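Peer 1: below is the sequence, then the predicted model.
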Amino acid sequence: MVHSVAYFLLAVGAVGIALTTAQVLLAAVFLRRGSNSPIKDTNSTVANARGAGLGLTGHSPRISIIKPVSGIEDGLELNLESFANLAGPSYELIISVADPDDPALPIINKALSLFSEGTARVIIGGACRMDNPKVERLVAAAKYAAGEILLISDSNVRVSSDYLTRSLREFEDPRVGCVVNLFVGDRAASLGAALECLYILTFVLPGTILAALAGVTCVVGKSMALSRRVLDEIGGFEAFAEVLAEDQSIGLAVVQSGYRVTLSPFVVQNIVEKRTVVAAVKRQVRWGKMRYSFSKLRYTSEFLCNPMPLLLSASIVSYTAGLSTALTSVLLVGSAVVARIMQAAAVNCLTGTRLPISSLTLVPVQDWIQIAAQFIPYFSSSVDWRGFRTRLGRGTQILEPRKAVRSGA
């Protein structure tokens with residue numbers, strides 16, 4: 001029996017090393033495709049999409065960037081400033097804030113001075129209370145959006161000037177109703193922030209690319225663009241007020257309506273400067289619970305993407321039982337540690353992320369945190385998010401009214 005357990009763990013761990021290595025290679029090909037693609041005129045892209053049936057009109061602005069803000073996120077001022085001089089089509093920025101006393105408002109007002117007159121505005125309040133406060137902000141902003149493509153961008157997102165030019169080219173395909181950007185964690189200045197950046201770098205980003213290449217709808221809405229016509233067809237943002245993962249739910253609804261969700265190879269920055277280790281772990285647990293609520297089978301398969309804990313477990317079992325596989329297990333554990341750090345370094349380089357070597361050596365630590373966090377959704381459906389607690393049903397349906405809590409997640 002012990003032999004069987006040891007061999008099983010070794011086999012699954014070996015498969016995990018192969019799978020994670022394959023993920024990095026696929027990510028390299030995918031990202032390389034994006035960097036080598038010539039930049040086309042995005043105004044022509046929008047015109048082509050209009051002629052192909054997305055229903056886009058010729059008035060300006062064509063793009064409405066909606067940015068929900070709640071409190072002061074890391075690097076908020078620079079994040080907002082990065083949207084001030086974007087190349088490509090004409091656009092407007094709509095910042096949506098719930099509370100007139102929100103501490104982010106002075107920072108927002110300072111950043112708005114960099115925008116041309118009429119291109120940026122702040123919406124305060126303006127929507128009925130909804131179970132999902134982010135959707136509440138999207139509904140409030142959408143009433144004022146003039147563009148025919150709505151681009152949702154979180155307040156901790158920072159971009160380069162070619163953001164619109166490179167991201168919106170995907171709308172050249174008339175079948176595309178939603179475009180999602182890849183993202184990486186950046187600017188970590190604490191241990192918790194470094195662990196969160198590693199989680200995004202080694203699990204979220206390559207996993208998102210693998211899902212896209214496999215034809216699986218996987219939407220993490222740090223930065224996602226929607227045709228307004230398609231959004232109207234799926235019921236508007238209001239249709240997603242009772243789910244926590246509105247991004248994934250919107251993506252699934254777009255596909256069900258006969259359109260495609262496309263992953264853009266253009267990578268945006270998710271600024272994570274300071275985070276406690278507890279907050280970083282809570283975020284991993286919450287994201288795990290959301291994925292679990294959509295597909296338990298697919299969620300369980302994610303254990304293959306974290307081979308090192310499995311191999312170390314095999315090594316411990318082999319050593320304590322005095323099995324001949326003990327030395328093999330130890331060698332595989334060492335190989336797994338080296339492989340995971342090299343994988344992280346490769347993705348770090350491919351995406352232009354600036355995580356230092358000292359952070360990359362924390363990959364084995366993050367792997368152990370991740371595998372511990374991955375078990376929790378099997379036993380608990382409660383989540384804390386932005387100061388409230390609820391329980392999740394299937395598809396992240398919010399089952400209970402919001403309950404105010406103290407949360408560092």
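Peer 2: Sure thing, it's come through. Numbering: from 1, shown residues only.

Peer 1: can you show me the helices along the stretch 201-350 of the chain?
Peer 2: Taking DSSP state H, counting those that start in this stretch to define them, one finds helices in the stretch 201-350 of the chain at 205-213, 228-233, 246-256, 277-294, 296-301, 307-320, 326-351.

Peer 1: got those as a markdown table, with mean pLDDT and distance to Gly126 columns?
Peer 2: Glycine gets a C-beta too; all of them are placed from N, C-alpha and C. Output for the helices of the stretch 201-350 of the chain, formatted as a markdown table (pLDDT from 0 to 100; distance: least, CB to CB, whole Å):
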| stretch | mean pLDDT | distance to Gly126 |
| --- | --- | --- |
| helix 205-213 | 93 | 32 |
| helix 228-233 | 95 | 18 |
| helix 246-256 | 96 | 18 |
| helix 277-294 | 95 | 27 |
| helix 296-301 | 93 | 36 |
| helix 307-320 | 74 | 47 |
| helix 326-351 | 82 | 36 |
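
Peer 1: switch those over to JSON lines; also include distance to Val157.
Peer 2: Shown next, in JSON lines, are the helices of the stretch 201-350 of the chain (distance: least, CB to CB, whole Å):
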{"stretch": "helix 205-213", "distance to Val157": "14"}
{"stretch": "helix 228-233", "distance to Val157": "20"}
{"stretch": "helix 246-256", "distance to Val157": "13"}
{"stretch": "helix 277-294", "distance to Val157": "16"}
{"stretch": "helix 296-301", "distance to Val157": "26"}
{"stretch": "helix 307-320", "distance to Val157": "30"}
{"stretch": "helix 326-351", "distance to Val157": "14"}
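
Peer 1: ok, which of those comes nearest Ser4?
Peer 2: Ser4 lies closest to helix 307-320 among those, at 10.2 Å (CB to CB).

Peer 1: follow-up on the earlier one: closest one to Ile65 among the helices of the stretch 201-350 of the chain?
Peer 2: Counting by CB to CB, Ile65 lies closest to helix 228-233 out of the helices of the stretch 201-350 of the chain; the figure is 13.1 Å.

Peer 1: which residues touch the closest one?
Peer 2: With contact meaning CB atoms under 8 Å, 6 or more residues apart in numbering, helix 228-233 is reached by 54-56, 145, 147-150, 177-178, 237, 250, 254, 257, 259.

Peer 1: can I get the helices of the stretch 201-350 of the chain in TSV with mean neighbour count and distance to Ser160?
Peer 2: Below are the helices of the stretch 201-350 of the chain laid out as TSV (neighbours: other CB atoms under 10 Å; distance: least, CB to CB, whole Å):
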stretch	mean neighbour count	distance to Ser160
helix 205-213	21	17
helix 228-233	17	25
helix 246-256	21	22
helix 277-294	20	25
helix 296-301	12	33
helix 307-320	22	34
helix 326-351	18	13
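
Peer 1: who wins for proximity to Leu360 among those helices?
Peer 2: Using CB to CB, the nearest of the helices of the stretch 201-350 of the chain to Leu360 is helix 326-351, at 4.9 Å.

Peer 1: buried subset of the contacts of helix 228-233?
Peer 2: With burial judged by 16 or more other CB atoms under 10 Å, the buried subset of these is 54, 56, 145, 147-150, 177-178, 237, 250, 254, 259.

Peer 1: domain-wise, how is this structure divided?
Peer 2: As assigned by automatic domain parsing, the chain contains the domains 2-26+294-404, 39-291.

Peer 1: most packed of these?
Peer 2: domain 39-291 (a mean of 20; mean count of other CB atoms under 10 Å).

Peer 1: in which helix or strand would I find Leu151?
Peer 2: Taking DSSP states H and E as the criterion, Leu151 maps to strand 149-153.

Peer 1: residues in contact with that strand?
Peer 2: With contacts defined as CB under 8 Å, 6+ apart, strand 149-153 is touched by 46, 56, 62-68, 83, 91, 138, 142, 159, 164, 167-168, 171, 221-228, 231, 247.

Peer 1: going toward the C-terminus from it, what's the next helix or strand?
Peer 2: Sequence order places strand 157-158 as the next helix or strand after strand 149-153, per DSSP H and E.

Peer 1: which residues touch Ser293?
Peer 2: 245, 377, 381, 392-397.

Peer 1: quick check: the gap between it and Leu392.
Peer 2: Plainly put, Ser293 is 5 Å away from Leu392 if you go by CB to CB, to the nearest Å.

Peer 1: please produce a markdown table containing the domains of the chain, extended by distance to Arg33.
Peer 2: Formatted as a markdown table, these follow (distance: least, CB to CB, whole Å):
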| stretch | distance to Arg33 |
| --- | --- |
| domain 2-26+294-404 | 11 |
| domain 39-291 | 6 |
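
Peer 1: those domains: lowest mean pLDDT?
Peer 2: Mean pLDDT per stretch puts domain 2-26+294-404 lowest among the domains of the chain, at a mean of 83.

Peer 1: distance from the chain centre to it, please.
Peer 2: Distance of domain 2-26+294-404 from the chain centroid (CA atoms, centre = their mean, to the nearest Å) equals 18 Å.

Peer 1: dump the buried ones among the contacts of helix 228-233 to a markdown table, plus distance to Asn306.
Peer 2: Formatted as a markdown table, the buried ones among the contacts of helix 228-233 follow (distance: CB to CB, whole Å):
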| residue | distance to Asn306 |
| --- | --- |
| Leu54 | 40 |
| Leu56 | 43 |
| Ala145 | 40 |
| Gly147 | 40 |
| Glu148 | 42 |
| Ile149 | 37 |
| Leu150 | 35 |
| Gly177 | 33 |
| Cys178 | 29 |
| Phe237 | 34 |
| Ile250 | 28 |
| Val254 | 30 |
| Tyr259 | 33 |
